[in-house]
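> A predicted structure for the sequence below; I have some questions about it.
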There are 4 protein chains.
Amino acid sequence: MADEPIRVTVWGEGRHERRDANVAAMYPDGMHTTIAAGISEHAGSAVEVRCVTLDDEGQGLPDEVLAATDVLTWWGHLAHDEVSDDLVDRVQAAVLAGMGLVVLHSGHWSKIFKRLMGTSCALRWRNGDDRELVWTVDPNHPVAEGVPSPLVIERQEMYGEFFDIPAPDELVFVSSFSGGEVFRSGCAWRRGRGRVFYFSPGDQDYPVYHHPGVRRVVANAAVWAAPSGAPRAETPIAYAPTGWYA
Amino acid sequence: MADEPIRVTVWGEGRHERRDANVAAMYPDGMHTTIAAGISEHAGSAVEVRCVTLDDEGQGLPDEVLAATDVLTWWGHLAHDEVSDDLVDRVQAAVLAGMGLVVLHSGHWSKIFKRLMGTSCALRWRNGDDRELVWTVDPNHPVAEGVPSPLVIERQEMYGEFFDIPAPDELVFVSSFSGGEVFRSGCAWRRGRGRVFYFSPGDQDYPVYHHPGVRRVVANAAVWAAPSGAPRAETPIAYAPTGWYA
Amino acid sequence: MADEPIRVTVWGEGRHERRDANVAAMYPDGMHTTIAAGISEHAGSAVEVRCVTLDDEGQGLPDEVLAATDVLTWWGHLAHDEVSDDLVDRVQAAVLAGMGLVVLHSGHWSKIFKRLMGTSCALRWRNGDDRELVWTVDPNHPVAEGVPSPLVIERQEMYGEFFDIPAPDELVFVSSFSGGEVFRSGCAWRRGRGRVFYFSPGDQDYPVYHHPGVRRVVANAAVWAAPSGAPRAETPIAYAPTGWYA
Amino acid sequence: MADEPIRVTVWGEGRHERRDANVAAMYPDGMHTTIAAGISEHAGSAVEVRCVTLDDEGQGLPDEVLAATDVLTWWGHLAHDEVSDDLVDRVQAAVLAGMGLVVLHSGHWSKIFKRLMGTSCALRWRNGDDRELVWTVDPNHPVAEGVPSPLVIERQEMYGEFFDIPAPDELVFVSSFSGGEVFRSGCAWRRGRGRVFYFSPGDQDYPVYHHPGVRRVVANAAVWAAPSGAPRAETPIAYAPTGWYA
């Protein structure tokens, strides 16, 4: 209902693109710019998107950037350990205060996702050119809007169960793979005043973020994760003594 | 914690076995007796199992049988419409008062399952000799105990999403099929004081209830669905005026 | 994201107002008009609200009205049994196809709510001039937006646990009463493609629908329950055979 | 179904009892021994209970103790910060591998609970001699077995919403207080292969762990949280590459 655009910050690790020729070929300006373009393409003027990366100042998220972010998307893989604990603390605090967080693919193994889930976030995987079919199991969910079921991704890394996450508050997508594995590939949780969405398609070795259906899901998730109504609370949730009511 | 055995009643429609030679060949004494044998095989002295069928007196569940049932399993297909509304009312009341209910395969389309779910319980299906892989997504759940992941069923009817059910309180199994479809194949709900489990493998055209893993799941589900502790409440949950407390 | 206003139909039983002088005094044009005014007041041009009642043609919801309804609100008490089973069938089908439903107070005992829940929907109650405090337990939920916690209702009927409903998909409000009872007073479920919200404050003997906070909740719920994005599906969810994928 | 007793370890902070005369008077042998006695009293030979405290070797939970624990109960308040991060890591790993954890009262603010929840676990409180009424909202839950609803605690610290936790997988108890506040006082979650239960009654300034109903709940929770069937997995959930299935 807000008229102000949702301020989306796309955080990219930005390392594969510089190290691996095949990744650079698919994502010449970085995976993050492709992710950002997909969000803008679908969400239009409802969002205002910027990109930051691990190697930017403050690991891309100094206080003033985080404070001006309504929804953060997170893709990382090689360098999870380089993300400072201080940044993890600050992102967690932002989510609990209302910022949305959209975690993508190998981001399942990031410090911030593990912090918010409380579990190992482990899974089984295989880099074997599987075809992934992403099926909608909650057709009423805003993140599934306009997404075909199944969404077909011709080549993709396999992520399989058991995926060690808390049972999602809302399970939106379940994938199958050529090898017969299944995976809860689109999951939503609420944490504090914030919303978290995990969407698994998106390996760096495949052009997944150019896929129209994937772009649609990521854009939907960014819009869905935005804090409803009021601007983000400035103050954390209180652990505080309280007087008698009334 | 109870010492008394759980009184399990296996309700079978019992029609395919008399109509279809292939079913009769696989299940010479009826599908229900095979289902019952699987439960006894795994749950042993923890259960006391009997079989009833649609064509028995009172459609198999006259008052005295229902009253002496802690957990009811339900398989039907051809004759859902023949089940009387009065029986559906009584089974629903028994579940709300604490009786467990394990609904199997095509039982998803039974009157009693639709009654308890409140949704259409529709799904997509194909009789095409798919291989079904049943994956555990909640390894801590009692119904998954001792069940390999995946459980492999070489030939089986495909049931695919969207499966129009309320989001399960506990999602235990997710299946994939040769055709690439996925299905929430093991789902738990609580309704009133009772527990409901749905397990999808089990078409009459395949020898699924002879499969050791499937038998294990059905037995686990029967034990899990039993009312905890005290005997089943005799009285329904009250819609009642109440005085001031204390 | 839709530009079209949400078409809200407020269904009122409309009997207390004609029978009971105290109700007529508080709600001279019927409880439904007060409920409708509260929705319009808060949701403004995002909604288009009309009122219908049980004694209107087709019990207020002939096919053409239901088909033109995105969100239906339901208040009934004296005459639940008069609502035809055919209407209950059609409202259920509409919800499963995507229509939102907001059930108010004594509507917990309506045929349509019991149909969608699958449980008895019984509760404990006392007409004893309790003060009700409605506390928000999901501050991030759109239905809680702008609602003080607690919302104080000085005089109200007590509704207490155990409330025999399926565990809500989202629990938004929990109330306490002067007598010390608690109640899950704001609950959300998804059923098929539709959303259902139950909000308990609202007895006919108290001027609850004039309360600014209550009006805000009902308006929020009506907006939240609207189908996301696309217009309501014309076709029900299929129970249908399907070919091999791709 | 296991014949072996559940090995319960009651972890106590053990400081209030040495610092505060009123606590020492109520709990001359420490709060932990009273908690342990309550578990034994109700669960009998189904459990084998031992007590450890923060000031024991290895903060009470050296590797060999943790490895021999099926269910751990946790009460802490003054010294949350003294618990080493290494111990928190090890307890988290044990829970994810299947150990049950029952967190009591001010343990909501412990490092281990915050770690497993991923949220702040903040709440509102008042030390004002409230009467707490604990209502059962899931009468079918094993932890509610034999517990009156409401369970009346004549004098207790108030804990009130908003309680910043992930939505419980199972909400079992909701409390009200003299001041009109409400609190989700009995909550269950699954994390990895383990189960977590939080039960809020239990302040050091009141004799709450002598209360028969509270003792019953804590004993039920300890039994419920035990890993089902097989002994605890020795190996953590794998984050591992996998070959093609079959």
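Right, received. Where do you want to start?
> measure residue A:137 to residue D:98 for me?
For residue A:137, the distance to residue D:98 equals 28 Å [CB to CB, to the nearest Å]. Any C-beta I mention is one placed from the backbone N, CA and C, and that applies to glycine too.
> meant to ask about residue A:40
From residue A:40 over to residue D:98 the distance is 45 Å, taken as CB to CB.
> ok, now residue A:26?
41 Å.
> Counting neighbours, go ahead and name the busier of the two.
Remark: of residue A:26 and residue D:98, residue D:98 carries more neighbours, 22 against 19, as counted by other CB atoms under 10 Å in any protein chain shown.
> element containing that one, please.
Counting by DSSP states H and E, residue D:98 is held by no secondary-structure element, helix or strand.
> Pretty sure residue A:11 sits in a strand.
Yes. Counting by DSSP: H, G, I helix; E, B strand; the rest coil, residue A:11 falls inside a strand.
> Quick check, it in contact with residue A:61.
Yes. The pair residue A:11 and residue A:61 passes the contact test of CB atoms under 8 Å, sitting 6.7 Å apart.
> Common neighbours of the two, please.
When CB atoms under 8 Å, 6 or more residues apart in numbering or on different chains defines a contact, the residues bordering residue A:11 and residue A:61 alike are A:52, A:72.
> who's more crowded, the two?
Between residue A:11 and residue A:61, residue A:11 has the larger neighbour count (other CB under 10 Å), namely 31 against 23.
> in the sheet, who's paired with that one?
residue A:52, residue A:74 (DSSP bridges).
> Give the next helix or strand downstream of the biggest strand by length in chain A.
When chain A is parsed with DSSP state E, its longest strand is strand A:124-136. Moving toward the C-terminus from strand A:124-136, the next helix or strand (DSSP H and E) is strand A:151-160.
> And for residue A:179, the neighbour number?
Using other CB under 10 Å, the number of residues around residue A:179 comes to 18.
> Confirm that it sits in a strand.
No. Residue A:179: not assigned to a strand; according to three-state DSSP it is coil.
> I figured it hits residue A:158, correct?
Yes. Applying CB under 8 Å, one finds residue A:179 in contact with residue A:158, separated by 5.9 Å.
> hey, what's in contact with both of these two?
The contact sets of residue A:179 and residue A:158 overlap at A:126, A:128, A:130 (CB under 8 Å, 6+ apart).
> Tell me how far residue A:7 lies from residue A:195.
Distance, residue A:7 to residue A:195, by CB to CB: 15 Å.
> Neighbour count: those two, which is higher?
When neighbours are counted by other CB under 10 Å, residue A:7 and residue A:195 differ, and residue A:195 comes out ahead with 25 against 19.
> Please name the bridge partners of the more buried one.
residue A:190.
> distance of the closest residue to residue A:96 other than its chain neighbours from residue A:111?
Leaving out its chain neighbours, the residue that sits closest to residue A:96 by CB to CB, 6 or more residues apart in numbering or on different chains is residue A:192, at 3.0 Å. Using CB to CB, we find residue A:192 at a distance of 18 Å from residue A:111.
> for residue A:138, same thing?
In terms of CB to CB, residue A:138 sits 28 Å off from residue A:111.
> mind listing what the nearest residue to residue A:204 once chain neighbours are set aside touches?
Spatial nearest neighbour of residue A:204, chain neighbours left out: residue A:16 (4.5 Å); criterion: CB to CB, 6+ apart. Contact analysis of residue A:16 by CB under 8 Å, 6+ apart lists A:23, A:31, A:77-78, A:204.
> again, only using 7 Å
Residues near residue A:16 by CB atoms under 7 Å, 6 or more residues apart in numbering or on different chains: A:23, A:77-78, A:204.
> out of the shared contacts of residue A:179 and residue A:158, who has the most neighbours?
For those, neighbours tallied by other CB under 10 Å; top is residue A:130, 24 neighbours.
> was I right about residue A:70 contacting residue A:5?
No. Residue A:70 is beyond contact range of residue A:5, at 8.8 Å (criterion: CB atoms under 7 Å).
> Between the two, which has more neighbouring residues?
residue A:70 (23 against 15).
> how far away is the more buried one from residue A:225?
Residue A:70 is 8 Å from residue A:225, by CB to CB.
> cool, and residue A:173?
According to CB to CB, residue A:173 stands 15 Å off from residue A:225.
> More neighbours: the two, which one.
Using other CB under 10 Å, the more surrounded residue of residue A:173 and residue A:225 is residue A:173, with 28 against 25.
> got a list of what the more buried one touches?
Applying CB under 7 Å, 6+ apart, we find residue A:173 in contact with A:134-137, A:185-186.
> so what's residue A:28 up against?
By CB under 7 Å, 6+ apart, residue A:28 lies in contact with nothing.
> same thing with the one 10 residues further on?
Contacts were defined as CB under 7 Å, 6+ apart; by that measure residue A:38 touches A:209, A:215, A:218-219.
> Neighbour-wise, give me the winner out of those.
Using other CB under 10 Å as the neighbour test, the contacts of residue A:38 are led by residue A:218, with 29 neighbours.
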